[in-house]
Structures are given as C-alpha cells and as structure tokens.
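*Asks:* Just need the structure, nothing else, for what follows:
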Amino acid sequence: MNLYPTRRAILLAAAGAPVALLVAALVPGMWIAASAWIVMTAGLLVADAALAAPAHTLELKVSAPAVTGVGRSDMVEVAVRFQRQSPGELELAIGSDERLEFAMERQRLRLQDGVGAASFAFHARRRGEGRLTGVWTRWRGPLGLVWRQRQEMLEATIAVTPDIESVRDEGLKLFARDAPAGAKVQMDVGEGSEFHALKEFQLGMDLRSIDWKQTARHGKLVAREFRTERNHDIVLAFDSGRLMSAPIAGQPRIDHAINAGLILAFVGLKMGDRVSLFAFDSRPRIASGSTLGVRAFPALRRLAAGVDYSTEETNFTLGLTSLAGRLDRRALVVVFTDFADATSAALMVEHVGRLARTHLILLVAFRDEELDALVDADPATPDDVSRAVIAHGLLKQRENVMVQLRRLGVQILQPRAAEIGPTLINRYLDVKRRELV
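*Replies:* The predicted structure is shown next:
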C-alpha cells in the first residue's frame, strides 16, 4: 500500500508559494505566518488520507483464460469490491510479460455500491507460458488530494498454444469440402490402388478402370472400384532456427508453419494416415513417433506448442540426417523452412536432395511479401529503383534454389502466410490422388 499526493494537492501547495513570498516581502516580521499555508495543506492531506477507503477492505478477483491460441485475442476480467467505505472511482492497471500484449493497460472504473468490473483485452503474441505479473489499483480520498494505491502480485499464467480453434475449424472445413458426398461407407472410395469392388460402368468413370474380362463374362461394361489408400506416413519437419523466428504477416514464421502443419495433421489423421512431428534448429529438438487416429491430435498439439523460438542458425546437416535415420519406410516429409540467400541454402539443398531419393519431399517456404512489394512498387525516387533492383536479384537467387530442388524431385510450395493452410491441404490431397507416396 502507498500514499502519495494527487495533482490537485501539488497545485494547492504551489498556490501558497506566491502568497508566502508576498507576505515575507511586505511584512518581514510576519514571515513565519507564511508557513501556515503549508501546515494547512499538510493537514488537509492527512485528513484526506484518513478519510479515504482503507486498502484492506478492497477485494480483487482476476479471471483469466487458462489457454489461448497464438495470434488470437482474449480477455482478462478483474472484479472489484469494497467491503465497507468505497470511493466513487477507481483506476486499474495490469501487467504481463512480453508474450501478452494488452490493448489498454490502464482503465478508469466507476463503482456502484463499492462494486465494479473491468475487462482487459489482450493479444497473444508468442507461444509459451504468458504470465500476469500484477494488478495495480489506486483511488482518491474524498477531498481528491491523496492517492491510495494497492499492488496485488499475481501468479496467474496463460498457456499460449498454436491456434487450435482455427486449426480445427479450417481442417474440418477443408476435409468436408474435399470428402466425397454420401454415406460414411462411401467416404473411403476414391482413386487409390486398393481394390474394393466391381460395379457397372457409368458415364464419367475413368475408362482405365474397365475390367474387360468381367465385361465379357457379364455381357456389359464392368469397372473396378478402388479404396483410397490409408496408413501413409506423414512427417511434419519444422525448421525452428533463427530465420523462422522472423515475423511475417504479424506473426513469426514458425507460428504460421505450426498452424498449417497442425491443419495437415488433423486432416491426415481423419483420413487414416499416420502423422509424426520433428523440429530442429542447431540440433534436433523434438521428435515424435507415428500417431494414428484423431484422438492422437491433442498429443501432437502439445508437442507443437513446445517448439520454441530460437536464435541459433539451422543445422540442416544434423537435422535432416537425424530425420532420415528415423524413417524406416517411404513417407511424405513436409519441411517447413526458409532461407535468406543461395549461400545459406546450399546445405539445405544438398540434404533435402538426399532425403528425396527415398521419400516424397514437400518443401514449404514462405513467399517474401516485402521483396514482392519492393519489386512491384512504382519507383518515385532513385532509391526506389535501387531497392527494386536489389529485391529482384534476391528473388532471382531464391528462384534458382527452387529450380535446383525441383530437379531433385522436391515439390515446392511458396504460399503467402495467410494461404499456407489451404494450399498445403490441397497439395496433400493431390499427392494422395496421384499415389505419389
């Protein structure tokens, strides 16, 4: 608890200074009377402090969500109640660590019968454990001369995880959009290579599916129907090095990658494939076994939440070699990474190429929207021309790296950050349709 003067008290004390100087100048013998103003002001301050609502009668209740998604907004509720005497107005402030960003850290609250509540909106900036450090309250005495302040330290934490709500919603939406219509038993039927049944040929079916022996036996066109293949291995490999911690579209690249990877994991598990997770920077950080079924999704979510922001350079040699040693059958390996130039990408190209000899590699690299903007902007000054030329050169180097990877059989995705989830799912469904794994 702290007591300190308000602005009104300071102005009141300062207003007596000219009067004291005037009295001392005109009647030097009465200079001691000038101190009466100071005594009077001090007395008013003491009286206001004594009349102010006691701090121990204030009850605070802070309600915060236990979990929120990175990049999402949520609320912290603070309820205030004075047991007896109450001020008419209260000021509240809330503190937190760098993972939580509050839109308004301070609010003024009017109380009715000593009761009130305030809502603090916050934005989850980074994954991890966000902490609420404390709540500060202060109120004035009835004369408005003294602030009485109370500080309440908090132990509340908010787990900032990958944005699960949007992942689940987007996954269900994409899955429903691409799933064949009809009863559940029909959802397994697709263009895979697992034979399911014979049925009469109908217009629109693939001519290659006609079984000519059965057609001759039955005297009518008969086609083979196949089930969509299941139990493919999908490996989500996250580069969590320094470059992936750089922001794009308001969030670090690694957060966009994790959200897109979880959308793919959700859809893949729904479609019967096995999904595992691998993360590395200067060395491997997280490696999970294969999971099967939608019930395994929460486990993958918890692992993904543990992928930390790193300041270390990515070691593709150690990371991808370790990943290759863990794979005992052909898999779809989705590598989320980024690079600044062709030199830094040389080791990545070499080791991704080695991995592509055995597995199907889908490399997801973010499109550099800032460089695109510099290239496309209308130049107004010579500096704009220089920036555009340099940006075009960097984009050209980047494209040369992509050409090398394509020659090695690597599939490339370079979506905008906002489009990475749907683009990745569409490519995954295309891979299944073409039986590339």
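*Asks:* For the host helix or strand of S276, what is the distance to the chain centroid?
*Replies:* Per DSSP states H and E, S276 falls inside strand 274-280. Centre-to-centre, strand 274-280 and its host chain are 19 Å apart (Cα atoms, centre = their mean, to the nearest Å).
*Asks:* Check stretch 282-289 too.
*Replies:* 21 Å.
*Asks:* distance of I254 from S240?
*Replies:* 5 Å (Cβ to Cβ, to the nearest Å). Just so you know, the C-beta spots here come from the backbone N, C-alpha and C atoms, and that holds for glycine as well.
*Asks:* One more: E200?
*Replies:* Here the criterion is Cβ to Cβ. By it, E200 lies 53 Å from S240.
*Asks:* now V389
*Replies:* Here the distance between V389 and S240 works out to 33 Å (Cβ to Cβ).
*Asks:* what about the two, which has more around it?
*Replies:* Per other Cβ atoms under 10 Å, whichever of V389 and S240 has more neighbours is S240, with 27 against 12.
*Asks:* Check whether that one really touches S310, as I assumed.
*Replies:* Yes. S240 is in contact with S310 according to Cβ atoms under 8 Å; the separation is 5.2 Å.
*Asks:* Name the residues contacting each of these two.
*Replies:* D281 (Cβ atoms under 8 Å, 6 or more residues apart in numbering).
*Asks:* Quick check: buried residues in the helix or strand just after the strand holding S276?
*Replies:* As assigned by DSSP H and E, the chain's next helix or strand after strand 274-280 is strand 284-287. By neighbour count on 16 or more other Cβ atoms under 10 Å, the buried set for strand 284-287 is 284-285, 287.
*Asks:* swap in stretch 123-130?
*Replies:* In stretch 123-130, counting by 16+ other Cβ under 10 Å, buried: 123-128, 130.
*Asks:* just those residues now: which is nearest R302?
*Replies:* R127 (11.7 Å; Cβ to Cβ).
*Asks:* dump the residue contacts of the closest one.
*Replies:* Here R127 is in contact with 70, 99, 160-162, 255, 258, 305, 307-309 (Cβ under 8 Å, 6+ apart).
*Asks:* Now rank the residues you listed by neighbours and give me the top one.
*Replies:* For the contacts of R127, neighbours tallied by other Cβ under 10 Å; top is I258, 29 neighbours.
*Asks:* thinking again about what came up before, and the strand holding S276, what does it pack onto?
*Replies:* Secondary-structure packing of strand 274-280 (3 or more Cβ pairs under 8 Å, 6 or more residues apart in numbering; DSSP states H and E): strand 233-239, helix 253-270, strand 284-287, strand 291-292, helix 297-305, helix 316-326.
*Asks:* what about the strands in the stretch 301-437 of the chain?
*Replies:* Listed in chain order, the strands of the stretch 301-437 of the chain (DSSP state E, counting those that start in this stretch) span 332-337, 360-365, 411-413.
*Asks:* for those, which one ends up most surrounded?
*Replies:* strand 332-337 (a mean of 26; mean count of other Cβ atoms under 10 Å).
*Asks:* counting contacts, what elements does that strand pack onto?
*Replies:* strand 233-239, helix 253-270, helix 342-356, strand 360-365, helix 420-433.
*Asks:* Let's see that with 6 Å instead.
*Replies:* strand 233-239, strand 360-365 (3 or more Cβ pairs under 6 Å, 6 or more residues apart in numbering; DSSP states H and E).
*Asks:* any chance of those in TSV, with distance to A246 and mean pLDDT too?
*Replies:* Shown next, in TSV, are those (distance: least, Cβ to Cβ, whole Å; pLDDT from 0 to 100):
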stretch	distance to A246	mean pLDDT
strand 233-239	12	95
strand 360-365	13	94
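*Asks:* would JSON lines of these with distance to A380 be doable?
*Replies:* Supplementary listing: the helices and strands packed on strand 332-337 in JSON lines, determined by distance: least, Cβ to Cβ, whole Å:
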{"stretch": "strand 233-239", "distance to A380": "37"}
{"stretch": "strand 360-365", "distance to A380": "31"}
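*Asks:* Looking at these, which is nearest to R138?
*Replies:* Nearest of those (Cβ to Cβ): strand 233-239, 45.7 Å.
*Asks:* quick check: angle from the closest one to helix 253-270?
*Replies:* 170 degrees (axes from the mean of the first three to the mean of the last three Cα atoms, to 10 degrees).
*Asks:* Dump strand 233-239 to PDB, restricted to CA.
*Replies:* Output of strand 233-239 as PDB, limited to C-alpha atoms (Å, rounded to 0.1, in the frame of the first residue of the first chain):
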ATOM      1  CA  ASP A 233       3.400 -41.800 -43.200                       C
ATOM      2  CA  ILE A 234       3.300 -38.000 -43.000                       C
ATOM      3  CA  VAL A 235       6.300 -36.300 -41.200                       C
ATOM      4  CA  LEU A 236       6.000 -32.600 -40.300                       C
ATOM      5  CA  ALA A 237       9.600 -31.300 -40.100                       C
ATOM      6  CA  PHE A 238       9.800 -27.800 -38.700                       C
ATOM      7  CA  ASP A 239      13.000 -25.700 -39.100                       C
END
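*Asks:* Toward the C-terminus, what is the element adjacent to it?
*Replies:* Next along from strand 233-239, by DSSP H and E: strand 247-248.
*Asks:* Give me the contacts around that next one.
*Replies:* With contacts defined as Cβ atoms under 6 Å, 6 or more residues apart in numbering, strand 247-248 is touched by 366, 417.
*Asks:* same question, stretch 381-391
*Replies:* 371, 374-375, 379.
*Asks:* For those residues, could you give me a markdown table that also reports distance to V222 and pLDDT?
*Replies:* Listed next are the contacts of stretch 381-391 as a markdown table, based on distance: Cβ to Cβ, whole Å; pLDDT from 0 to 100:
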| residue | distance to V222 | pLDDT |
| --- | --- | --- |
| L371 | 56 | 80 |
| L374 | 60 | 84 |
| V375 | 56 | 84 |
| P379 | 66 | 84 |
